[in-house]
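Asker: Pasting the sequence and the predicted model now:
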There are 2 protein chains.
Amino acid sequence: MRVGAGKRVTAADVARSLGLSRATVGFVLNGTTGQRISEATRDRVLAEAARLGYRPHKAAQALRRGSSRLVLLVIPDWPVDFSVSKCVEEASHTLEEAGYSLVTQTHHPVGTARPLWELLDPEVVVGFAPFTPEEVAAMQGCGITKIIPGPEPSPSPPDPLGLDDGPRLQVEHLHTRGHQRLGFAATTDARVSGLVASRLGAAREAAASLGLPPLVVRPVDGAPDAAGQAVQDWLHANVTGVVAYNDDSAATVIGAALRGGLGVPADLAVIGHDDNPYTALFVPSISSIRIDYAGLGRHLAALALRAATGRPLLDGGVDAATAVVARESTGA
Amino acid sequence: MRVGAGKRVTAADVARSLGLSRATVGFVLNGTTGQRISEATRDRVLAEAARLGYRPHKAAQALRRGSSRLVLLVIPDWPVDFSVSKCVEEASHTLEEAGYSLVTQTHHPVGTARPLWELLDPEVVVGFAPFTPEEVAAMQGCGITKIIPGPEPSPSPPDPLGLDDGPRLQVEHLHTRGHQRLGFAATTDARVSGLVASRLGAAREAAASLGLPPLVVRPVDGAPDAAGQAVQDWLHANVTGVVAYNDDSAATVIGAALRGGLGVPADLAVIGHDDNPYTALFVPSISSIRIDYAGLGRHLAALALRAATGRPLLDGGVDAATAVVARESTGA
DNA sequence: CCTCCCCACTAGCACGTGCAAGCGGTCGTG
DNA sequence: CACGACCGCTTGCACGTGCTAGTGGGGAGG
């Protein structure tokens, strides 16, 4: 019934068309409690609203309500975003049921483009990674008080997202495959240094609790042939299994090993992290850690809702399960 | 000067604090033309606004203005999003200069999560991929009239984004390396079928205009060992160079070739598309097509602005340059 | 001295919504 | 018959902004 180029249909239009007051229409459409509206009127309003194609004006609602009902999720500029979309989808679904909307933004280095939290004034800002103090200050300067940062780097006890399981599984997987001396393949990418530290810390703890010798940590990028050097170092240290920070690191290690004439996993077993789709395409295919992004998304949404509404949600805790996906690079 | 938990600072606060009227404050802060404001007053207003940390309320502005000044970019659920962020960054930068903001949304299959265009009422919706008729109808039902869909699949003449250059470059690259009989590695992933068709069409045109025999098209996924079968078919057809739909397809082909005991590029040269970072990590490293995502982003922003404001922008046209990145898989 | 103009600023409306307070009518009760 | 209770609805305000119309006052010109 809408005419394409027509003006916006407001609640006043619906009211006028029925000979009612705008308030009545509002009460019906919002299901306001404590107001007595006859069934007949209610039906008439709903029918007319549908017929005219009424949609509440978001800006007006936000103005009146004083809050935008928006949650901004800041996603780091990781090259990991392939299955983050699952996480986002699940999170927005959960938020939607509570009347909130999720907007995502990939995080650019400060000073390039203006961050969305200045432009949308969201009620809550959630981050996959920690925010810098400057960023927190900027958000607070915009009046944003509900800020949920991502997990802090290394030895901070409470990981709100529970992503520390992955490295433990990596270590245990290599251990059950008979590897004792393990290496850790790190990246020098500054954008993820916090995450690298976090995963390395978790891997170290896991190795220690299994009684394994300390991890031999090497960067596999940055300098030319850093990976080749790392492989050499590991061989000299009798390392037979490598825990990689992520799948890219794992691929880099495997590439260097192959080019050095080594067999994978015969001479060096490697396991990645994140279960990036291309791990299955590699020769040899790369073992990795799969994360339950859907569960993580639900958890994130619950955290945001708790921050937004104040009252605790019924979310029991982190159910973001992680699992090993065993492939050729560790002998599957 | 802001107190953390204080109420929002409004223009009225600034006015009251100076003993001026709210209108004067508004004129100064908006730089309204056709209004005479003394230099002294102007300075006082600006200083006081800064001191109090005044930030205009976005919802109120949107309400008054009647438009949200938002541009929604719908990004398909491709596994390609690694460098799309460059594109987004550049686009939001350009839009920002015109007072608009860019919000991105990865596109979920219809019916899962509620699309953002219902929740933000953006002024323009831009898509990387075409929209389904249902989606267009849904947007129009929300009062969105400015819709810029992505390039249509195959033989549609005007590609608004100018992404058809890549396949041509792929074909020409293999041709200059001496390959005459070419194959095309397609994917069966339904999400990108339109894009596959688009790239295949462009590749076919390029091959035809070079006088090459028709491309031998094979899917490389879907069925088990589809890639192995494809490689066999190509060998029988004396194909020596394969144009892959994207880097994943290229990697799949290379994997199948290697596992079949063939040499790459000795027996089969392969070139991918998108220059996904992992192409450099493969053994052999994978030649690919790099897209100037920054330029694409600027172009997208210009398109959106033209749609939003009505008047044409000074954007000459698509300057989204594509380039071949030659690596080992084609003999570099 | 009166008039007119122009400067610098103010009063107030409109945007569309959510909701507190109020108001006329009817019904039940004493 | 009087009175209160209650139902069903309306009047009207507030949210914060952008901007049009208007207003007081001072200086210039006649």
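Answerer: Received, thanks. Being a predicted model, the structure only gives us computed values, none of them experimental.
Asker: Can you classify whatever residue of the stretch 51-200 of chain A ends up closest to DNA strand D by secondary structure?
Answerer: In the stretch 51-200 of chain A, the residue that lies nearest DNA strand D is residue A:64 (3.9 Å; CB to the nearest atom of the strand). Placement of C-beta: from N, CA and C, glycine included. Under the three-state scheme (DSSP: H, G, I helix; E, B strand; the rest coil), residue A:64 adopts helix.
Asker: Would you mind measuring from it to DNA strand C?
Answerer: Separation of residue A:64 from DNA strand C (CB to the nearest atom of the strand, to the nearest Å) stands at 4 Å.
Asker: So what's the residue count around that residue?
Answerer: By the measure other CB atoms under 10 Å in any protein chain shown, the count of residues near residue A:64 is 11.
Asker: Report pLDDT for it.
Answerer: Looking at residue A:64, its pLDDT reads 93.
Asker: Residue A:2 too?
Answerer: Reported pLDDT for residue A:2: 43.
Asker: what does the stretch 51-200 of chain A put close to chain B?
Answerer: Counting by CB under 8 Å from any CB of the partner chain, the positions of the stretch 51-200 of chain A adjacent to chain B are A:53, A:55, A:57-60, A:62-63, A:68, A:77, A:79, A:81-82, A:85, A:88-89, A:92-93, A:96, A:101, A:103-106, A:108, A:112-114, A:116, A:118-121, A:140-143, A:145.
Asker: on that earlier part again, distance of the residue of the stretch 51-200 of chain A closest to DNA strand D relative to residue B:57?
Answerer: Look at residue A:64 and residue B:57: by CB to CB, to the nearest Å, they are 12 Å apart.
Asker: try residue A:280
Answerer: 49 Å.
Asker: Settle it for me: which of the two has more neighbours?
Answerer: residue B:57 (21 against 16).
Asker: For DNA strand C, what is the nearest residue in the stretch 101-250 of chain A?
Answerer: residue A:101 (14.4 Å).
Asker: shouldn't residue A:131 be in contact with residue A:149?
Answerer: Yes: here residue A:131 reaches residue A:149: they are 5.1 Å apart, a contact under CB atoms under 8 Å.
Asker: Give the intersection of the neighbour lists for those two.
Answerer: With contacts defined as CB atoms under 8 Å, 6 or more residues apart in numbering or on different chains, no residue is shared by residue A:131 and residue A:149.
Asker: tally of neighbours for residue A:178?
Answerer: 10.
Asker: Helix, strand or coil: sort out it for me.
Answerer: Residue A:178 is classified as coil under three-state DSSP.
Asker: Quick one: residues contacting it.
Answerer: By CB under 8 Å, 6+ apart, residue A:178 has no neighbours at all.
Asker: Would you mind measuring from residue A:275 to residue A:91?
Answerer: From residue A:275 to residue A:91 the distance is 19 Å (CB to CB).
Asker: okay, these two: which has more neighbours?
Answerer: residue A:91 (28 against 24).
Asker: The closest residue to the more buried one other than its chain neighbours is in what secondary structure piece?
Answerer: Excluding the flanking residues, the one nearest residue A:91 by CB to CB, 6 or more residues apart in numbering or on different chains is residue A:297, at 3.8 Å. Using DSSP states H and E, residue A:297 sits in helix A:293-309.
Asker: Following the chain onward from that helix, which element is next?
Answerer: strand A:322-325.
Asker: Can you verify residue A:206 is assigned to a helix?
Answerer: Yes: the assignment for residue A:206 (three-state DSSP) places it in a helix.
Asker: What ranges in the stretch 51-200 of chain A fall below the confidence cut-off?
Answerer: For the stretch 51-200 of chain A, applying pLDDT under 70 flags the ranges A:77-83, A:108-112, A:151-163.
Asker: switch to 50 and redo it
Answerer: Where the stretch 51-200 of chain A drops to pLDDT under 50, the residues are A:81, A:153-160.
Asker: residue ranges for the strands of chain A, please.
Answerer: A:70-75, A:101-106, A:124-127, A:146-148, A:182-186, A:216-219, A:241-244, A:269-271, A:288-291, A:322-325 (DSSP state E).
Asker: counting contacts, what elements does the second one pack onto?
Answerer: Helices and strands touching strand A:101-106, as assessed by 3 or more CB pairs under 8 Å, 6 or more residues apart in numbering or on different chains; DSSP states H and E, comprise strand A:70-75, helix A:84-97, helix B:84-97, strand B:101-106, helix B:116-119.
Asker: Nearest to residue B:186, out of these?
Answerer: helix B:84-97 (21.8 Å; CB to CB).
Asker: Just the buried positions in the closest one, please.
Answerer: Burial within helix B:84-97, assessed by neighbour count using 16 or more other CB atoms under 10 Å in any protein chain shown, is assigned to B:84-95.
Asker: Those into CSV, with extra columns for distance to residue B:14?
Answerer: What follows is the buried residues of helix B:84-97, written out as CSV (distance: CB to CB, whole Å):
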residue, distance to residue B:14
B:84, 40
B:85, 37
B:86, 39
B:87, 38
B:88, 34
B:89, 33
B:90, 35
B:91, 33
B:92, 29
B:93, 29
B:94, 31
B:95, 28
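Asker: coming back round to it: mind giving me TSV with the helices and strands packed on strand A:101-106 and columns for distance to residue A:14?
Answerer: Formatted as TSV, the helices and strands packed on strand A:101-106 follow (distance: least, CB to CB, whole Å):
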stretch	distance to residue A:14
strand A:70-75	26
helix A:84-97	24
helix B:84-97	34
strand B:101-106	29
helix B:116-119	19
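Asker: These: which one's closest to residue B:326?
Answerer: So among these, helix B:84-97 is nearest, using CB to CB, at 21.4 Å.
Asker: Let me know the angle separating the closest one from strand B:101-106.
Answerer: For helix B:84-97 against strand B:101-106, the angle by axes from the mean of the first three to the mean of the last three CA atoms, to 10 degrees is 150 degrees.
Asker: Helices along the stretch 101-250 of chain A, start to end?
Answerer: Ranges of helices in the stretch 101-250 of chain A, per DSSP state H, counting those that start in this stretch, are A:116-119, A:133-141, A:165-176, A:193-209, A:226-236, A:247-259.
Asker: Now do the shortest one: everything it contacts.
Answerer: Contacting residues not belonging to helix A:116-119 are listed as A:72, A:103, A:105, A:122, A:125, A:138-139, A:142, A:144, B:55, B:58, B:101, B:103 [CB under 8 Å, 6+ apart].
Asker: go on, stretch A:276-283?
Answerer: Taking CB under 8 Å, 6+ apart as the rule, stretch A:276-283 contacts A:80, A:82, A:246-248, A:250-251, A:254, A:272, A:285-288, A:325, A:327, A:329, B:79, B:248, B:251-252, B:254-255, B:258-259, B:276, B:278, B:282-283.
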